[in-house]
Each structure stands twice: as C-alpha cells, then as structure tokens.
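> Okay, here's the prediction I keep looking at, along with the sequence it came from:
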Amino acid sequence: MSHLDELDEFEAELELSLKKEYSAVFGLFRFCVLTQDATYLCNKLDLQYVPQQSYPFFQLELEDVWVWDKNRPRRIIPRAKVFTSGDVTIEELRGEGDEPQLTAEALAERIGEPLRGDDEL
C-alpha cells in the first residue's frame, strides 16, 4: 500500500467520523447555517445584512457552535463570527423555547460511547 493510499484511507475515516458526529449532535442545536465555506450548527444566531454598492455582505454572530471541519481539534466552540458576501442558508431546526429532543444518554449511544456512572469512576 502506498503512502497516498494510506492518506486517502485516513481522510475517508476522518470524513466518516465527522458525518457520524454531525448526525449525533444535530438534535442539540436550534439553527443550521450553511455558507459557501462552512456548515455550522448553533443555538443562538444574529444575522446582519450590510449593504454594499456592488455585492451583498452578511455578518453572522453565532453562539454555542458546532463547526463542520474534520481538521479541527475541537468542533464545539462558544462563539464564532462569520463574514461573507456569498449565499447564506439558515434552517431553523426547532422553535424558540423548545428543548432539544436529545438526552446525554441518547447522544452517548449514538456516538457509540456509553456514559460512565459514578460507580465506574
């Protein structure tokens, strides 16, 4: 097996792991934000349209954020600011005040790691 084959296999494993994590955490968030550069899940969103003469410009402030990026050591971050002149798609996944349908136990089951009880410490 060549080094390129090993690298391709490594990249495929990272991508599959990321897709599984996305499916597992999706239910925890209120908004899904898609830009040309990235996908974000967040619970608080502020979108500002800043008019420009030649193109639209958007500023997004996100809180309680999960970022789709297989190369990040941490995908969940407290806050993010996004500036873009491209398309922005925002999906509201649940209404304001609605609690997430996912419990910690269900999340642990989805990602295949059981929660440790106090007796297992």
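Done, it's in.
> and residue 23, that one's in a strand?
No - counting by DSSP: H, G, I helix; E, B strand; the rest coil, residue 23 falls outside a strand, being helix.
> please renumber so the chain begins at 388
That works, and once the first residue is 388, the last one we named lands at residue 410.
> any idea how far it is from residue 464?
Going from residue 410 to residue 464 by C-beta to C-beta, to the nearest Å gives 20 Å. Yep, even glycine has a C-beta here, placed from its N, CA and C like the rest.
> Could you check which of those two is surrounded by more residues?
Taking neighbours as other C-beta atoms under 10 Å, residue 410 and residue 464 compare with residue 464 leading, 15 against 11.
> Name the next helix or strand downstream of the helix or strand where that one lies, please.
Using DSSP states H and E, residue 464 sits in strand 463-471. From strand 463-471 onward toward the C-terminus, using DSSP H and E, the following helix or strand is strand 475-479.
> what's the spacing between the nearest residue in space to residue 468 that is not next to it in sequence and residue 474?
Spatial nearest neighbour of residue 468, excluding adjacent residues (C-beta to C-beta, 6 or more residues apart in numbering): residue 448 at 5.5 Å. Separation of residue 448 from residue 474 (C-beta to C-beta) stands at 18 Å.
> Between these two, tell me which one has more neighbours.
Using other C-beta under 10 Å, the more surrounded residue of residue 448 and residue 474 is residue 448, with 14 against 10.
> how about that one, what does it touch?
432, 433, 435, 466, 467, 468 (C-beta atoms under 8 Å, 6 or more residues apart in numbering).
> pull the helix or strand with minimum mean pLDDT from the chain.
Using mean pLDDT, DSSP states H and E, helix 491-498 stands out as the lowest-scoring helix or strand of the chain, at a mean of 63.
> Are any of the contacts of residue 448 buried, and if so which?
Using 16 or more other C-beta atoms under 10 Å as the burial test, the contacts of residue 448 include 432, 467 as buried.
> Tell me which two of the contacts of residue 448 sit farthest apart.
Greatest spatial distance in the contacts of residue 448: 435 and 466, 15.1 Å, computed using C-beta to C-beta.
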